[in-house]
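In: Sequence first, then the predicted structure:
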Amino acid sequence: MAAVTGSTSGALRLLVVDDHPVVVGGVQLLLRSDPGIGIAGSARSGREAVRLAGELRPDIVLLDLRLPDMLGTEAAGSLRARAPGVRIVLFTAYADHAALPAALAGGLDGCLLKDSSTTDLAAALRRVAAGERVVDPRLDADAGVTEALVRTGLTRREYEVLRWVALGRTNPEIAEELGLTRNTVKAYLQNAMAKLGAHN
């Protein structure tokens, strides 16, 4: 069941997506003293989050990685389609989850661990709202991505597309996940293959 908390006039509008009410309550407690961030609502599943994103038009979605109906990363493309311009931050307790490297390479706006302190969470959300990508320093996947880009000459977007291909996604699925057209995904893939000297 969704929870909508009402007006967040003048504040960043946050949609919290987590199937554990205690986590949603914890985020509310962490942010209650920050007038610059208001919780516009909460959802317990990916489908519910997509519906609420269209209704509430949040500025930021704080998205649990593991939801009852899908991984948070699977919901990201639909969230962006329903609320263009929304920033998406994964919020997880699993620093070593197998889906994190692809998620971090896939154009999300950040990833925070659930043991973030009050100041860390509020500050991170403000940085994300300002256009900065924020990843908890304990997650070193982004450093690996940067090294790979330098080594191969790929752009970040080309690398993102290749990662999704490696995970078995089709071009249409990648297009939806990254908010791109199918032709754009195909072009990124062709450029990446040319740079790597690959034929298939």
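Out: Noted; the coordinates are in hand. Residues are numbered from 1 along each chain as shown.

In: any idea how far L139 is from Y94?
Out: Distance of Y94 to L139, computed by CB to CB, to the nearest Å: 10 Å. The way it works is simple: take the backbone N, C-alpha and C, and place the C-beta from them, glycine included.

In: Likewise for V89?
Out: The gap separating V89 from L139 is 12 Å, by CB to CB.

In: Find the residues that touch each one of these two.
Out: C111 (CB atoms under 8 Å, 6 or more residues apart in numbering).

In: separation between M70 and R156?
Out: From M70 to R156 the distance is 25 Å (CB to CB).

In: Please apply the same query to D59.
Out: For D59, the distance to R156 equals 23 Å [CB to CB].

In: More neighbours: which of those two?
Out: D59 (21 against 13; other CB atoms under 10 Å).

In: Double-check that one against L14; I have them as touching.
Out: Yes. Counting by CB atoms under 8 Å, L14 is a contact partner of D59 at 7.1 Å.

In: contacting residues around the longest helix anywhere in the chain?
Out: Longest helix in the chain by number of residues (criterion: DSSP state H): helix 182-196. For helix 182-196, the surrounding residues in contact (CB under 8 Å, 6+ apart) are 152-155, 157-162, 165, 171-172, 174-175, 178, 180, 198-199.

In: Filter the residues you listed down to just the buried residues.
Out: When these are checked for burial by 16 or more other CB atoms under 10 Å, the buried set is 154, 157-162, 165, 171, 174-175, 178, 180.
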